[in-house]
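> how would this look folded up:
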Amino acid sequence: MIAAYGIPVTRVERSKLHDIPLENIPFGKYFTDHMLEADYENGEWKNIEIKPYQPLLLSPSVAALHYGQAIFEGIKAYKDKEGNPFIFRPVDNYKRFNLSAERMQMPTVPRELFVEGMRQLIDLDKNWIPEKDDHSLYIRPFMFSSDELIGVRPSDTYKFMIILSPTGPYYVAPMRIYVEEHYSRAAPGGIGYAKAAGNYGASMLVTAEAKKKGYDQVLWTDALEHKYVQEIGTMNVFFIIGDKAITPDLTQGTILAGVTRESAVTLLEEMGYKVEERKISIDELVEAYQAGSLNEVFGTGTAATISLIKELRYKDFVMNFDVSKWEAAPELKKRLNDIRQSKVIDKHGWMYKV
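Numbering: from 1, shown residues only. Here you go, the predicted structure:
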C-alpha cells in the first residue's frame with residue numbers, strides 16, 4: 001500500500017490499457033485499472049481506498065438488491081490540447097448526488113470524498129482518457145445500501161464507489177423518438193428528480209416496446225394527463241421554435257436537473273436564443289410543426305451530450321426533421337465541446353483541473 005493525497009492507493013501490477021484500443025470504443029464496455037471504494041458505518045465514512053478494479057463480494061441478503069436504495073451519477077473527463085486532464089462540472093454532480101441521497105434516505109457523501117477522491121482516481125488513470133472528438137472518460141460514482149438484512153427500512157451501512165470507463169459517443173446517429181402516452185416515468189411527489197437506479201429499471205419495458213416500433217427512445221409525458229412533455233429516456237429535451245429554445249421546467253420534481261441541460265441553457269442564451277423553461281404540451285409542438293416553426297428537437301445529457309432528433313412520433317402523427325439544415329444544436333454541441341477540450345477560454349468555470 002502507498003498513500004497518495006491522503007487516500008491509500010494499491011496500484012495494479014500491469015495496466016489493462018495495453019490491451020484495449022481507445023479508438024471507436026463503445027460506451028460503457030471497458031473500465032480502467034482502478035476504482036475508489038468507501039464504506040459508511042456507525043455514522044461515518046471509513047475504509048476509503050483506491051484499488052485495482054475488481055468484483056465485489058456481496059451477501060445475497062444485501063439490502064440494495066431487495067429494496068432499491070441505489071443512486072448514481074454520470075460525469076465526464078477530457079484532456080486539453082496539452083494533455084492535461086479536466087473534469088466537467090463535478091461539483092454540480094456532487095450536489096445532485098446528495099439531493100438524490102436525501103430523497104432516498106441515504107447518507108450524504110462529503111465533498112472531499114466525492115470530488116477529491118474522483119480527482120485522485122482520475123489522476124491515477126489519466127492515460128485512459130481518449131484524445132478524440134466525441135470521446136471521453138465516463139465517470140460513474142454510485143452508492144447502495146449494504147446491510148445484510150431483509151427488512152423494509154433504510155440501511156445502517158452503505159457503500160460508495162467510483163469507477164471509470166473510456167467511451168465513445170452514446171448515440172451515433174440522429175434519433176427517432178416515440179411520444180409515450182400510456183406509461184409514466186414519474187409523478188409529482190415521486191423520485192423523478194433523483195438519479196435513482198429504479199427510475200431507469202422502470203423505463204426498460206417502455207423503451208423496449210418503442211424499439212419494436214423502430215424508435216430509439218421515448219419522450220415521456222406527465223403522469224396525470226399525458227399531455228405535457230417531460231424528458232427523453234437518458235436525456236433532457238429542447239425544442240427550437242422560432243427564435244426560442246424551450247425546455248420543460250423542473251418545478252414539479254418529475255424531471256432530472258441535468259448538468260448538461262443547465263449548460264445548454266447558458267450557451268443557448270449566449271447564442272442569442274430566448275430560453276424558456278416551462279410546461280410545454282405535445283399539442284403545442286404539433287401545432288408549431290404544422291405551422292413550420294418547430295425547427296429543431298434535441299436531447300442533452302452527460303452520456304448523450306447533444307443528440308439530434310430526426311423524427312418525433314405522437315400517436316399516428318409523425319414529425320420529420322432535416323438535421324442537415326439545423327443551426328442551434330450543432331453550434332451548441334461545438335461550443336460545449338470547445339469548452340470541454342479547452343479550445344476556448346472557460347469563462348464559466350466549468351472545467352475542474354485534475
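> Can you list the residue ranges for helices in the stretch 51-200 of the chain?
Remark: helices assigned in the stretch 51-200 of the chain by DSSP state H, counting those that start in this stretch are 64-67, 90-103, 111, 117-124, 197-201.
> avg pLDDT for the helix or strand harbouring Tyr40?
Assessed by DSSP states H and E, Tyr40 sits inside strand 34-41. Across strand 34-41, pLDDT averages out at 98.
> Strand partners (parallel or antiparallel) of that strand?
Strand pairing for strand 34-41, determined by DSSP bridges: strand 44-52 (antiparallel), strand 158-167 (antiparallel).
> Output those strands in CSV; the columns should cover distance to Leu312 and mean pLDDT.
Placement of C-beta: from N, CA and C, glycine included. Shown next, in CSV, are those (distance: least, Cβ to Cβ, whole Å; pLDDT from 0 to 100):
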stretch, distance to Leu312, mean pLDDT
strand 44-52, 44, 97
strand 158-167, 27, 97
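> Out of these, the one nearest Ala208 is which?
Closest of the strands paired with strand 34-41 to Ala208 is strand 158-167, at 22.9 Å (criterion: Cβ to Cβ).
> Check the offset of that closest one from the chain's centre.
Computed by Cα atoms, centre = their mean, to the nearest Å, the chain-centroid distance of strand 158-167 equals 13 Å.
> export that strand as PDB, just CAs?
Taking Å, rounded to 0.1, in the frame of the first residue of the first chain, the C-alpha atoms of strand 158-167 are listed here in PDB:
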ATOM      1  CA  TYR A 158     -23.700   1.900   2.700                       C
ATOM      2  CA  LYS A 159     -21.000   1.500   0.100                       C
ATOM      3  CA  PHE A 160     -19.900   4.400  -2.100                       C
ATOM      4  CA  MET A 161     -17.700   3.800  -5.200                       C
ATOM      5  CA  ILE A 162     -16.400   5.500  -8.300                       C
ATOM      6  CA  ILE A 163     -15.500   3.600 -11.500                       C
ATOM      7  CA  LEU A 164     -14.200   5.000 -14.800                       C
ATOM      8  CA  SER A 165     -14.900   3.900 -18.400                       C
ATOM      9  CA  PRO A 166     -13.200   5.300 -21.500                       C
ATOM     10  CA  THR A 167     -16.000   5.800 -24.000                       C
END
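> show me where the stretch 201-350 of the chain has helices.
Using DSSP H, counting those that start in this stretch, the helices of the stretch 201-350 of the chain run over residues 204-212, 259-270, 282-291, 328-340.
> export these to JSON lines and tack on distance to Met104?
JSON lines is the format used below for the helices of the stretch 201-350 of the chain (distance: least, Cβ to Cβ, whole Å):
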{"stretch": "helix 204-212", "distance to Met104": "20"}
{"stretch": "helix 259-270", "distance to Met104": "19"}
{"stretch": "helix 282-291", "distance to Met104": "31"}
{"stretch": "helix 328-340", "distance to Met104": "30"}
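> what residues does the strand holding Tyr40 touch?
With contact meaning Cβ atoms under 8 Å, 6 or more residues apart in numbering, strand 34-41 is reached by 7, 9, 11-12, 45-54, 107, 113, 117-118, 120-121, 124-125, 146, 156-164.
> Same check on stretch 336-349?
Residues from elsewhere that reach stretch 336-349 (Cβ under 8 Å, 6+ apart): 76, 78-81, 84, 86, 88, 133-134, 136, 260, 263-264, 266-267, 305-306, 335, 350-351.
> Same check on stretch 288-302?
The contact list for stretch 288-302, computed with Cβ under 8 Å, 6+ apart, reads 74-76, 138, 170, 175, 177, 232, 234-242, 258-261, 263-264, 285, 306-309, 312, 319, 321, 326-329, 332.
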